[in-house]
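Peer 1: this one's sequence-less:
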């Protein structure tokens, strides 16, 4: 939990947000050109989230959120068992992790074929599933305490604290992208 580690992970979280937002905005502009309206993909996740559930459910990657909510969360919750909301949250974060693991696998294989021998990437299987499972556990454990603080702590500070709950392990999400030089492609455009 060194300050430098947390700062690096915080900056990488912002860079990841920027790259995803740019990519999804590009896709949205294609929809607009065809006459379709597109919803915002992100809603100020770093400074507008008062709890982990608000971060994941109302502010971060609304495209993935919508798919996971309709495809995993709602079908489980609609089963109407008393404990199903907790099971639905866990299942949704596990599904998100598996989807990201699949994406990392595809990107990892592409990266391995594109990189030289000196710059290869080793893909660790299920790392994204572990990361998203951690995020789901954090949401289940800390959502109510964060919501209790919302009347006493300014939202930008509360949002920063929400993000801090994941920063110690966020390199599980971004580390492979750094090693695979994912961000380098965006730096060329800047």
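Peer 2: Everything's here; your move. Owing to the predicted nature of the structure, the values given are computational and were not obtained by experimental measurement.

Peer 1: okay, and for the chain, where does confidence drop off?
Peer 2: 108-124, 186-190 (pLDDT under 70).

Peer 1: let's see 90
Peer 2: Within the chain, the ranges that satisfy pLDDT under 90 run 1-3, 19-20, 22-40, 63, 78-85, 101-128, 150, 171-190.

Peer 1: which residues in it form helices?
Peer 2: 3-33, 52-54, 62-68, 74-77, 84-114, 127-149, 155-164, 171-179, 182-189 (DSSP state H).

Peer 1: Nearest to residue 43, out of those helices?
Peer 2: Nearest of the helices of the chain to residue 43, taken as Cβ to Cβ: helix 62-68 at 7.0 Å. C-betas here are computed from N, CA, C, even on glycine.

Peer 1: for that closest one, packing partners?
Peer 2: Packing partners of helix 62-68 (3 or more Cβ pairs under 8 Å, 6 or more residues apart in numbering; DSSP states H and E): helix 84-114.

Peer 1: List the buried residues for the helix it packs on?
Peer 2: 84, 88-97, 99-101, 104, 107-108, 111 (16 or more other Cβ atoms under 10 Å).

Peer 1: With distance to residue 43 as added columns, please give the helices of the chain in a markdown table.
Peer 2: Below are these laid out as a markdown table (distance: least, Cβ to Cβ, whole Å):
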| stretch | distance to residue 43 |
| --- | --- |
| helix 3-33 | 11 |
| helix 52-54 | 10 |
| helix 62-68 | 7 |
| helix 74-77 | 20 |
| helix 84-114 | 18 |
| helix 127-149 | 17 |
| helix 155-164 | 12 |
| helix 171-179 | 20 |
| helix 182-189 | 21 |
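
Peer 1: and among those helices, the most buried is which?
Peer 2: helix 52-54 (a mean of 22; mean count of other Cβ atoms under 10 Å).

Peer 1: how distant is that helix from the center of its chain?
Peer 2: Put simply, helix 52-54 sits 12 Å off its chain's centre (Cα atoms, centre = their mean, to the nearest Å).

Peer 1: just checking, residue 6 touches residue 166?
Peer 2: No - look at residue 6 against residue 166 with Cβ atoms under 8 Å: they stay out of range, at 10.5 Å.

Peer 1: And the closest residue to residue 156 other than its chain neighbours, how far from residue 34?
Peer 2: Leaving aside its sequence neighbours, residue 156 sits nearest to residue 47 (Cβ to Cβ, 6 or more residues apart in numbering; 4.7 Å). Going from residue 47 to residue 34 by Cβ to Cβ, to the nearest Å gives 32 Å.

Peer 1: Having no further points to raise, I will conclude here.
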